[in-house]
Structures are given as C-alpha cells and as structure tokens.
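Enquirer: heads up, no residue letters with this:
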C-alpha cells in the first residue's frame, strides 16, 4: 500500500535532506537514508516513545542506527522532530565543529544513543540495551507498578549482518529471549563494491529464525506493512524481532538508485536536482522543509511530553508505595557509589600466603557486590578462570531470575560491545572478562568504549608468560603496549592482591572505561595497604625506597614483575647498592598526576633505571631514559611451566641486578 500524501512528503523530505547534505559536504552516504526513509518515518512517528525536549528521560525507547554511515537519516529525524539540532546543522555535515559528524557520536549530538559506524557494533550494543532494560525491570518492577518497560529499536544494514560481531550478539539475544529488541533490517542488497550477491548470498531470515528470533518480511515502500510488522514485533514477548525490509538504495535518484553509486558518494549536483524532480520536491531553496511537514514531525514534542509525564506519574506512585526501591532506582540510574566504598575492599595479608591477582579480583568483586547492586557482568565462558562469578547473585537467563551473572559464551567480540551498551544505557556498572591475549577479539569494543567514555570494566587475566604451559598462542606479549596506546582507556596491572583491590576502587570511581590486567600465577602479598591504595590511586608510587631515600638506581615494575624487582633490590643491597622500587600499575593515571608528584617518584636526577615487565618493551623508554635498561620480551613465549619460562627468557632478579649495574655504569 502506498503511503498517504502527508506520509509521502515527510518521507521525501528525509530523502532530499540526506541527498543535499551529502552533496554539500562533497562526500558521505546518501543512498541508505533515501532507501530507509519510510521505515524510519513509520518507526519514529507511530511507535518510538521518546521526548525531543528531554532526550535522557529514563524509560524512553532506545533507537540505534547501527548503519552509522547513514547518519543523515538520524540527523534528519532528530532535527525535524524537535531535538536541539537546528536545521542549519544538517548543512554542516562532516564539518569541523558541527553537531553532525560523519557517523553518530554519543554525547556529541542530542538524541544520539550510541557512537556507531564500525558495522555490527551498534547491533551488538543494542543487545546490551535490551539486556539492561530487562535486568532493570526484573530488579525494580513490582506487580501493578512497572517503571521499566521500554523497547530497543534499531536499523541495521547488510554490512552489519555480515560482521561476525552481529552474529555473536544475535545468537546471544535469541538465547536470552530478548522480546523488547526489535531491529529493522534495511535489505537494499548493495555494498560499496556492488551487489551483495558478490559476497553475501545466505538466507538471513532463516539464519535469524535459527537464532530464535521472530522474523517478518515487508516491502520497504509500504508504510502500513511496516507499521503492522512493528505492531506484531511489539506483541512478541518471547523472542527478539528482525523485520526484513526490502528497500532500494538511493530511492528517487533516477540514475543511481539501486546501485553502488548511491552508497558511499555524493550523488552530484545534477542528480540531486533530478532526484527532487522525480520525487516532486521543490528544487529551491536548498534544504527546504514545508511548513506542513515540520508540523507533522513536531507532533513528537507534545506526544513525547505526554509519554514522559505518564511515566513521572507512575514513578510518583511507585515512590509512594516503596520509597526505598525508588531511592535505589535513583542511585542506580545516577551511578552513585556508596560513600564507604573503600571500606568495603578486602585487606590481604602476607601471612595468608601468596595469591594470584585474578583470585584477589574475584574476592574483591564479591566483597563489593552486596553494596553495589548495579554491578553486573561475566565472562566469555571463563568465569572460573577469570574469577568473575558473583556468589549468590544468580544467573541472568531467559527465565527471568534477576541474576547478575552474565554468561556470554565464547563470544568475546559481542561481549565487549554488549557491556558497553549496558554501561551507556544506565543503571549498571558492567564488567566483562577473558584472557588478556583474547583482548585481540575485543579491540573494536575497547576502542568504542574509549571514544564514548563508557564506564565498562574489562577484566583480562592470564596476563603474561606466567600462564605457563598453554604456550605462545595464549601468552600475551604485545597486548599491554597496544592497550596503553589507546587514548581514553585506563589500564591497571596490579602487583599483588592489595593493589588489585585498589585497582577495582579506581575503576569504579573512574568516569570512563578501565582495563584490569591480572595474573594466573600466585604472587607475594604486600602489607603496606595504606601506601598501596594511595599509590595505585595515583598510578605509580614508591613501594620500597632506598634506606637513605637517595637511590643509586630505580627499579620499575608492574604486575608480577614487581616481586622480581623487590628481590633484585635485596640482592643489590647485599652488595651495598641502594635501589628504589617503584610500582607503576597504571601509566595513564600516573601521567595525569602533577609533575611534582611524578618527579618525587621518578626523580630526573637518578638516571640509572631498570624497567622489568614480562611483555614487549615498547613504551618503556619513556621511563627508563637514555641511560636505562629494560628487562622484557621481544619475542613470543613457549609452552612450559611458568617458572621455567621466566628463567629461560631472563625475566629474573639476577638479570635485573645485572641491568642495574650496566645502567649505573652508563
């Protein structure tokens, strides 16, 4: 059924604005917004519960444009429905300082829920949204008083569904029966290289049915069919929904519609003019929006105010019935931490024996969990190795048990993205875990977490050749250097159990993403808890100073190698050489300290320095200087007991002592 007259002119307005904005920018992606305009119009005007005047009200529906290259589709919707995105901003697409960057950016443009662009990432983060919605509902909703009940909608593309992360996330979403997750699949069958027949011939509908999704198929120009499919999707409570919408990329362009020429390039001035003629749209002025079109779109403002007001009334009644639950809701949604958070941390003592930092992390998590009900997460099928299980907190399963333990399965890529989605959604302090070497699978989600400043905690255990017999495929070498190089990502590699507890404290207080890197092998416990907690909070500190406070050499270590530095200090002392041991668990936090503090820890006058870390030496010269030495690894590991590997590869106190003497001589 063709759209009504007002529907059609509103849809065509979206199409023309996309074509004009990309043309003015001289680059971009006009075709997908032009083809997907009918589904977007139908969703945003008939189904999406949102308030343009308050984009952040808690129980709004979330909309994810996973096909982030189609940003003009979202920008047009936001501007036309009344968000704080003036029409003039559409004319500055992709320009310096504009609110309309090439791909949607969370926190930059009002109404944008996620930073998307890397294909598949938005799909997976939207699954995180849906998990957060269900988990919040299970925790806070009461019979007859539901304050959580929104949907997560998204528009996904052929490219999204080719990416492996979307497959991982779709599989988990089906397993968890996320009934309030609804994706519209823009099946235009065109990518940059041409027809998807070149590389993508699978039956997507059958694939998603196998994942456990409800699947419907509609014509992309039939607004009423799209509307009916969305109604049916909302009625399906037991399965996530995929609506396969067959569209024509670049719809309206007389020469480029349905071809790759409409995908990733401006249409051209003549083609934009011809497109307006084809659509029956005024050729002048540019970026024209008819009064009746704007009036129709702006109905979203009173409608949104009514949505929010209704929710406010519901929450008022909820608060009157259960003030404690309402207060807990506010704390969860604001991310408020207990004032006595530091007091909740466990204290480890050396007399208790050596303990792996991964084990200490698990004990810390379980000490914090009772007071931090928003703490929720899990592992990529490695909870018993990562020590990430919250005892007595139940499992998050489709049966609705209000569990806080996530089971991501062997899906590292999706796991990171889902945790990011939970963090951005609000109401949770999410964490996720795997072995450090498998952070390779998670680089995209780590990077997006850093860009968005999502408060996600990434727990990476088995952090070095110290994992032993599993060999070079599982022994991380270059990973610390790579993660440290990522802007906006805070990383801690604690040296013992007490540093681990302090790292968790820092992560929970940090506004953005944090990586905590932990050992498999047992490590000695250091007892100076007050100094340790203060020092970890500053990224680096003097752990053991020379007796007179005037060291001849400084030994710097992280993680398991701090214990080696301490042994080397003792050996040097036996030869009359005074050394200072500095633990440097977080380079980025240390670099953020005042220069005076950094100078007090690593005085520039002491040029004799040795860094020791069972990883790549990349980056360490910043701290060792031109006279320093680095005891590290410039090759992959091997399969053997970890004690043998440290000896064979020279990560030993004896080698640190020898390096110290060389540095002093230099």
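Expert: Okay, I see it. Because the structure is predicted, anything quoted here is derived from the model rather than measured.

Enquirer: Quick check: pLDDT value at residue 402.
Expert: According to the prediction, residue 402 has pLDDT 80.

Enquirer: OK, contacts around it?
Expert: 135, 138-139, 394 (CB atoms under 8 Å, 6 or more residues apart in numbering). Backbone N, C-alpha and C define where each C-beta goes, glycine included.

Enquirer: Now, of those, which are buried?
Expert: Among the contacts of residue 402, those classed as buried by 16 or more other CB atoms under 10 Å are 135, 139.

Enquirer: Let's see which of the contacts of residue 402 end up in helices.
Expert: 135, 138-139 (DSSP state H).

Enquirer: The residues you listed into TSV, with extra columns for pLDDT and distance to residue 21?
Expert: Shown next, in TSV, are these (pLDDT from 0 to 100; distance: CB to CB, whole Å):
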residue	pLDDT	distance to residue 21
135	97	38
138	95	42
139	96	42
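
Enquirer: So the residue lying closest to residue 69 once chain neighbours are set aside versus residue 317, what's the distance?
Expert: Once flanking residues are discounted, residue 69 sits nearest to residue 29: 4.2 Å by CB to CB, 6 or more residues apart in numbering. Residue 29 is 46 Å from residue 317, where distance means CB to CB, to the nearest Å.

Enquirer: Which of these two has more residues huddled nearby?
Expert: residue 29 (26 against 13; other CB atoms under 10 Å).

Enquirer: is it fair to say that one lies in a helix?
Expert: No. Counting by DSSP: H, G, I helix; E, B strand; the rest coil, residue 29 falls outside a helix, being coil.

Enquirer: wait, isn't it in contact with residue 22?
Expert: Yes. Here residue 29 reaches residue 22: they are 6.8 Å apart, a contact under CB atoms under 8 Å.

Enquirer: okay, and the common contacts of the two?
Expert: residue 72.

Enquirer: which stretch of helix or strand covers residue 659?
Expert: According to DSSP states H and E, residue 659 maps onto helix 653-665.

Enquirer: For that helix, name the packing helices and strands.
Expert: If contacts are counted by 3 or more CB pairs under 8 Å, 6 or more residues apart in numbering; DSSP states H and E, helix 653-665 sits against strand 553-557, helix 561-574, strand 609-612, strand 629-631.

Enquirer: residues of the strand or helix carrying residue 210 that come out buried?
Expert: Using DSSP H and E, the element containing residue 210 is helix 204-211. Neighbour-count burial for helix 204-211, counted by 16+ other CB under 10 Å, picks out 204-205, 207-208, 211.

Enquirer: got it, and stretch 95-112?
Expert: So, applying 16+ other CB under 10 Å, buried residues of stretch 95-112: 98-106, 109, 111-112.

Enquirer: what two of the residues you listed have the greatest distance between them?
Expert: Distances among the buried residues of stretch 95-112 were taken as CB to CB; the most separated pair is 102 and 111, at 16.9 Å.

Enquirer: start to end distance for stretch 439-447?
Expert: 11 Å (CA to CA, to the nearest Å).

Enquirer: Give the buried residues for that stretch.
Expert: Buried residues in stretch 439-447 (16+ other CB under 10 Å): 439, 441-442, 444-447.

Enquirer: Any chance of the residues you listed in a markdown table with secondary structure, pLDDT and distance to residue 545 as columns?
Expert: Compiled in a markdown table, the buried residues of stretch 439-447 are given as follows (DSSP: H, G, I helix; E, B strand; the rest coil; pLDDT from 0 to 100; distance: CB to CB, whole Å):
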| residue | secondary structure | pLDDT | distance to residue 545 |
| --- | --- | --- | --- |
| 439 | helix | 98 | 34 |
| 441 | helix | 98 | 41 |
| 442 | helix | 98 | 38 |
| 444 | helix | 98 | 42 |
| 445 | helix | 98 | 40 |
| 446 | helix | 98 | 35 |
| 447 | helix | 98 | 38 |
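
Enquirer: Which one of those residues is nearest to residue 482?
Expert: residue 439 (8.2 Å).

Enquirer: measure the closest residue to residue 506 other than its chain neighbours to residue 5 for me?
Expert: Nearest residue to residue 506, sequence neighbours excluded (CB to CB, 6+ apart): residue 537, at 5.8 Å. As judged by CB to CB, residue 537 and residue 5 stand 63 Å apart.

Enquirer: quick one: contacts of stretch 45-61?
Expert: Contacts of stretch 45-61 (CB under 8 Å, 6+ apart): 10, 44, 63, 78, 81-83, 110-111, 147-153, 227, 230, 234, 296-297, 299-301, 304-305, 307-308, 311, 333, 426.

Enquirer: Among those residues, name the buried ones.
Expert: Buried among the contacts of stretch 45-61 by 16+ other CB under 10 Å: 10, 44, 63, 78, 81-83, 111, 147-148, 150-153, 227, 230, 296-297, 300, 304, 307-308, 311, 333, 426.

Enquirer: among these, which are in helices?
Expert: Short answer: those in helices (DSSP H) are 10, 44, 78, 81, 227, 230, 296-297, 300, 304, 307-308, 311, 333.

Enquirer: Quick check: the farthest pair among these?
Expert: 10 and 333 (33.8 Å).

Enquirer: neighbour-wise, which of residue 537 and residue 5 wins?
Expert: Set residue 537 next to residue 5 and count neighbours by other CB under 10 Å: residue 537 wins out with 17 against 9.

Enquirer: before we move on, which element is residue 433 in?
Expert: Counting by DSSP H and E, residue 433 is part of strand 429-435.

Enquirer: hey, where'd the strands end up in the stretch 251-400 of the chain?
Expert: In the stretch 251-400 of the chain, the strands defined using DSSP state E, counting those that start in this stretch lie at 355-356, 375-379.

Enquirer: re earlier: turn the ones in helices among the buried ones among the contacts of stretch 45-61 into JSON lines, columns for pLDDT and distance to residue 560.
Expert: Formatted as JSON lines, those follow (pLDDT from 0 to 100; distance: CB to CB, whole Å):
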{"residue": "10", "pLDDT": "98", "distance to residue 560": "62"}
{"residue": "44", "pLDDT": "98", "distance to residue 560": "53"}
{"residue": "78", "pLDDT": "98", "distance to residue 560": "49"}
{"residue": "81", "pLDDT": "98", "distance to residue 560": "54"}
{"residue": "227", "pLDDT": "98", "distance to residue 560": "59"}
{"residue": "230", "pLDDT": "98", "distance to residue 560": "54"}
{"residue": "296", "pLDDT": "98", "distance to residue 560": "64"}
{"residue": "297", "pLDDT": "98", "distance to residue 560": "59"}
{"residue": "300", "pLDDT": "98", "distance to residue 560": "56"}
{"residue": "304", "pLDDT": "98", "distance to residue 560": "54"}
{"residue": "307", "pLDDT": "98", "distance to residue 560": "53"}
{"residue": "308", "pLDDT": "98", "distance to residue 560": "52"}
{"residue": "311", "pLDDT": "98", "distance to residue 560": "51"}
{"residue": "333", "pLDDT": "98", "distance to residue 560": "39"}
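
Enquirer: Adding distance to residue 480, write those out as TSV.
Expert: As requested, these are arranged in TSV below (distance: CB to CB, whole Å):
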residue	distance to residue 480
10	52
44	45
78	40
81	46
227	52
230	47
296	55
297	50
300	48
304	47
307	47
308	46
311	45
333	35
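
Enquirer: quick one: which of the residues you listed is nearest to residue 451?
Expert: residue 78 (19.7 Å).

Enquirer: pretty sure the closest one is touching residue 104, no?
Expert: No. The pair residue 78 / residue 104 is not scored as a contact, 9.4 Å apart, by CB under 8 Å.

Enquirer: which residues do the two both contact?
Expert: residue 112.

Enquirer: how about low-confidence regions in the protein?
Expert: Residues of the chain meeting the criterion pLDDT under 70: 401.

Enquirer: how about a cut-off of 80?
Expert: Along the chain, the parts satisfying pLDDT under 80 run over 1-2, 400-401.

Enquirer: Domains in it, by residue range?
Expert: When the chain is parsed with automatic domain parsing, its domains come out as 5-304, 341-523, 538-665.

Enquirer: Quick one: closest of these to residue 323.
Expert: domain 5-304 (12.7 Å).

Enquirer: burial of residue 592, as a residue count?
Expert: Around residue 592 there are 12 residues (other CB under 10 Å).

Enquirer: Done for today, thanks.
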